[in-house]
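Peer 1: dropping a prediction and its sequence here:
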Amino acid sequence: QVQLVESGGGLVQAGGSLRLSCAASGGPFSRASVAWFRQAPGKGREFVSALSKSGSSTYYGDSVKHRFIISRDNAKNTVSLQMNTLKPEDTAVYYCAATFYNREYLTKDTEYDFWGQGTQVTVSS
């Protein structure tokens, strides 16, 4: 069974940076498409970023484009999300997700089979 564990969340001032990490056990990230989603209080789950299985394609939500960067370290079996120029509206619980199947719509949460427990990111103004 694949387990995902996020880390790196916390409290940061607007304009600052944070780096989230997602560690996988029970399966190699090198064979998975991976993604980050987030959910703010009272709102639905929002797509943040995804990295295809091959690593050739990356996807970003419009609200984080040009500020966030997704990457994968196959040797460490981790996926990271570098978040720069953070805004108060980035405040949310961030979730890592993965699938080992060939999915077509990597921006949709229904495409993912495994999820982490989430890590809280709070951006103060």
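Peer 2: Yep, it's here. Numbering: from 1, shown residues only.
Peer 1: got phi/psi on the most centrally placed residue in the chain?
Peer 2: In the chain, the centroid-proximal residue (Cα atoms, centre = their mean) is W36; its distance is 2.1 Å. With angles defined as degrees, to the nearest 10, W36 sits at phi -120, psi 130.
Peer 1: who does it bridge with?
Peer 2: Legend: beta-bridge partners of W36 under DSSP bridges are S49, C96.
Peer 1: what sits against it?
Peer 2: Applying Cβ atoms under 8 Å, 6 or more residues apart in numbering, we find W36 in contact with L20, C22, V48, S49, A50, I70, V79, L81, Y94, Y95, C96, A97. Heads up, the C-betas are built off the backbone N, CA and C, glycines and all.
Peer 1: which of those tops the neighbour count?
Peer 2: C96 (29 neighbours; other Cβ atoms under 10 Å).
Peer 1: how near is A98 to L51?
Peer 2: Using Cβ to Cβ, to the nearest Å, one gets 10 Å for the distance from A98 to L51.
Peer 1: overlap in contacts, the two.
Peer 2: S33, V34, A35, V79.
Peer 1: let me know the closest of these to Q13.
Peer 2: V79 (25.4 Å; Cβ to Cβ).
Peer 1: would you confirm that the closest one contacts F29?
Peer 2: Yes: at 5.8 Å, V79 counts as touching F29 under the criterion of Cβ atoms under 8 Å.
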